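>>> Pasted the sequence and its predicted model underneath.
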Amino acid sequence: QLQLVESGGGLVQPGGSLRLSCVASGFTLNYWAIGWFRQAPGKEREGVSCISSSDSSTYYADSVKGRFTISRDNAKNTVYLQMNSLKPEDTAVYYCAADFKACGDHEYDYWGQGTQVTVSS
């Protein structure tokens, strides 16, 4: 069974950091493009970052550029999202998703269950 599981969310003060993990089971992550998305209450889901399968190119939303870093550890079948200088507007449920084709603005093939990130003092 193909599954993605996120972890690492929590409550953090503004300016703090969190590292989210996305672990795959049932398939090998390095053959897939992996995206991170988020959805805040009352807002549409938005793409945050993505790492491609072919050459591990990375992509970021303008709102997180310079603060978030996506990476993959193939040995652990895991993709990470390092989030620094967090702001209250980063508060959302964060999801990872896998697509066999590429990063982009399209529906991804598999989704995790999400992890809550709350940035508040």
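Alright, I've got the coordinates.
>>> would you list every one of the helices in the protein?
Counting by DSSP state H, one finds no helices in the chain.
>>> what bits of it have low per-residue confidence?
Along the chain, no part satisfies pLDDT under 70.
>>> now the strands: where do they sit in it?
Assigned by DSSP state E, the strands in the chain fall at 3-7, 10-12, 18-25, 33-39, 46-51, 58-60, 68-73, 78-83, 92-99, 110-111, 115-119.
>>> Could you dump those strands into CSV with mean neighbour count added?
To be clear about C-beta, it is placed using only N, CA and C from the backbone, and glycine gets the same treatment. Output for these, formatted as CSV (neighbours: other CB atoms under 10 Å):
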stretch, mean neighbour count
strand 3-7, 17
strand 10-12, 14
strand 18-25, 19
strand 33-39, 23
strand 46-51, 21
strand 58-60, 16
strand 68-73, 18
strand 78-83, 22
strand 92-99, 22
strand 110-111, 16
strand 115-119, 18
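>>> does the residue nearest in space to the middle of the chain have beta-bridge partners, and which?
The centroid of the chain falls nearest to W36 when counting by CA atoms, centre = their mean (2.6 Å). Counting by DSSP bridges, W36 forms beta bridges with S49, C96.
>>> Can you verify my assumption that it contacts A98?
No. Shown here, W36 and A98 do not form a contact pair, counting by CB atoms under 8 Å, at 11.2 Å.
>>> Q3 versus Y108, what's the distance?
14 Å (CB to CB, to the nearest Å).
>>> which residues touch Q39?
R45, E46, A92, V93, Y95 (CB atoms under 8 Å, 6 or more residues apart in numbering).
>>> Grab the two from those that are most spread out in space.
E46 and V93 (11.5 Å; CB to CB).
>>> Quickly list what's touching both of these two.
Both E46 and V93 are contacted by R38, Q39, under the criterion CB under 8 Å, 6+ apart.
>>> Show me what stretch 54-61 is in contact with.
Contacts for stretch 54-61 (CB under 8 Å, 6+ apart): 46-52, 68-70, 72, 102-103.
>>> so how far is it from its chain's centroid?
12 Å (CA atoms, centre = their mean, to the nearest Å).
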